[in-house]
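# Pasting the sequence and the predicted coordinates here, then a few questions.
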Amino acid sequence: MAEYYKSDRGIDVGNIILSSANIGDPSIQGSFKQQDGRYEIVAGGEDIWGVRDQFHFAYVVHTGDFDFKVRLKSLDMPHLYTKAGIMARAALDADSPHVYMMAFPDNSLRNKNNGGCEFQYRETAGGDSVAIYPDDYTTVPPEFPVQYPDAWLRLKRSGDEFTAFHSSDGRSWKRYTQFAMKLPHECYLGLAITSHASEAAVTAVATDLTLE
């Protein structure tokens, strides 16, 4: 599988070539297309949560450490809990362990989160999903807002340490959380999108994808 990267200085030397798959057999099958650095993902799926997931995944098979960044330009809102973001996943099975730095369509109040970003994970196959919320979920404006078309996400791996970041410009990054979890040295890494509305699809558009 070919992989191409941007340099640290932002000089475009090609696109990251992604494969894609529907995970968990959603009733609405998703699709993926990329052209000139623009990535458009259409997804169905009930959720990325609980003990199994339903979503569309655009990914590479990656070995070792990484620093993955993306700009989410748009995300439809068929449901309050529609999600899009960067995922590192052990397998393409619906109940696979994974870590997920993701964004919601807006900054509405959701449980212990008043911003648009969240970090989620599943440590064991078939285990429950867990969310890490902002330390302060009462601040106005929120600490980690989404502001489309400039909703930037970043997920970095160093061994078993995963660090998630948020940015509004792709240059100044604020750490959301750091979390230690074992994933295979070779994992599936990419963009994961779920509608959370089984009767409706969602479209996400991403650009400025870099993998270092």
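Structure's in. What do you need?
# in stretch 152-162, what's buried?
Neighbour counts over stretch 152-162 (16 or more other CB atoms under 10 Å) mark 152, 153, 154, 155, 156, 157, 162 as buried. Heads up, the C-betas are built off the backbone N, CA and C, glycines and all.
# Need the phi and psi values for the third one.
Put plainly, it is residue 154. According to degrees, to the nearest 10, the main-chain angles of residue 154 amount to phi -150, psi 140.
# Roughly how far does it sit from residue 148?
Distance of residue 154 to residue 148, given as CB to CB, to the nearest Å: 17 Å.
# didn't residue 22 look like it was pressed against residue 56?
Yes - at 5.7 Å, residue 22 and residue 56 qualify as touching, with contact defined as CB atoms under 8 Å.
# joint contacts of the two?
The contact sets of residue 22 and residue 56 overlap at 30, 44 (CB atoms under 8 Å, 6 or more residues apart in numbering).
# so what's the residue in the chain sticking out farthest from the centre up against?
The centre of the chain is farthest from one residue, residue 140, which by CA atoms, centre = their mean lies 24.5 Å away. Contacts for residue 140 were tallied using CB under 8 Å, 6+ apart; they are residue 114.
# go again using 10 Å as the cut-off
Residues in contact with residue 140, defined by CB atoms under 10 Å, 6 or more residues apart in numbering, are 107, 114.
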